[in-house]
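Chemist: Give me a model of this one.
(one chain, ligands or ions: 1)
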Amino acid sequence: MLDFVYQSGWGAFGVLLLFQIPFLVVFLTIVFRKAYVNTAPSAISDSSVARWRSSWLALAIALFLIINLASIKFFPAVYSARAAASGVAVTDVTVDAQSWYYDMSAQEFEAGKPVRFNAQSLDTVHGFAVYHPDGHILFTMMLIPGVGRSSLIYTFDEPGTYKVRCLEYCGMSHHEMSDEIIVTASAS
Ligand SMILES: [Cu+2]
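Modeler: Alright, predicted model coming up:
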């Protein structure tokens, strides 16, 4: 269900916009109501502000577009869809999360080869977050029980030992819910 949202860049872009449209509506409502409804005398001379108002609005809209366009390639659904569309063979892995461990069909991968993590939770809400050996987070998936598997494609660039952690509080031993992924140097 709703697979198109997760498997294409346009789906991800649509979701992104859906989340931001309410904020845009509220923002514009406030700006324009203030400008046309509140006609009480103001201490500020209108003309001195008016010429800046549209410049600020244009700047805000420009920044909104630039930041979104520049960062959309880091959106997991987008890099996932790009990897799927690139035609390169993808290694499929199943991940079953359960209190408080992971059961992965493979834990050793080759650098440079895309891996599709097909993850699900078998009991409560869990996270599946993968950390680079230097400690920064690469991606995280929220696994909700009962909705089946969700998937994400990731290509590891460097060999090393990557840490897997749960980032959704899932009970008493949540802090111990972790595992490892080994990435070996590219053979080719
Ligand atoms: Cu947890």
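Chemist: in the sheet, who's paired with residue 152?
Modeler: residue 117 (DSSP bridges).
Chemist: Also residue 127?
Modeler: Beta-bridge partners, per DSSP bridges, of residue 127: residue 142.
Chemist: ok, it - contacts?
Modeler: If a contact means CB atoms under 8 Å, 6 or more residues apart in numbering, then residue 127 has 140, 141, 142, 143, 165, 166, 167, 168, 170 as its contacts. In this view, the C-beta of every residue, glycine as well, is placed from N, C-alpha and C.
Chemist: most neighbours, which of those?
Modeler: For the contacts of residue 127, the largest neighbour count, defined by other CB atoms under 10 Å, is 27 neighbours, found at residue 166.
Chemist: Can you name the residues that contact it?
Modeler: Shown in contact with residue 166 (CB under 8 Å, 6+ apart): 97, 100, 126, 127, 128, 129, 174, 177, 178.
Chemist: List buried residues within those.
Modeler: The neighbour-count test (16 or more other CB atoms under 10 Å) marks 97, 100, 126, 127, 128, 129, 174, 177 as buried among these.
Chemist: between the residues you listed, which is nearest the ion?
Modeler: Looking at the buried ones among the contacts of residue 166 and their distance to the ion, the nearest is residue 174, at 3.5 Å (CB to the ion).
Chemist: Check whether the closest one really touches residue 100, as I assumed.
Modeler: Yes. At 6.5 Å, residue 174 and residue 100 qualify as touching, with contact defined as CB atoms under 8 Å.
Chemist: Please parse this structure into its domains.
Modeler: Domain segmentation of the chain under automatic domain parsing yields 3-77, 89-184.
Chemist: most packed of these?
Modeler: Among the domains of the chain, ranked by average contacts under mean count of other CB atoms under 10 Å, first place goes to domain 89-184 (a mean of 16).
Chemist: how long is that one from one end to the other?
Modeler: 17 Å (CA to CA, to the nearest Å).
Chemist: of the contacts of residue 166, list those near the ion.
Modeler: By CB under 5 Å from the ion, the members of those lying near the ion are 174, 177.
Chemist: Of the contacts of residue 166, which pair is most distant in space?
Modeler: 100 and 129 (14.2 Å; CB to CB).
Chemist: What residues does the chain have near the ion?
Modeler: Counting by CB under 5 Å from the ion, the chain comes close to the ion at 166, 170, 174, 177.
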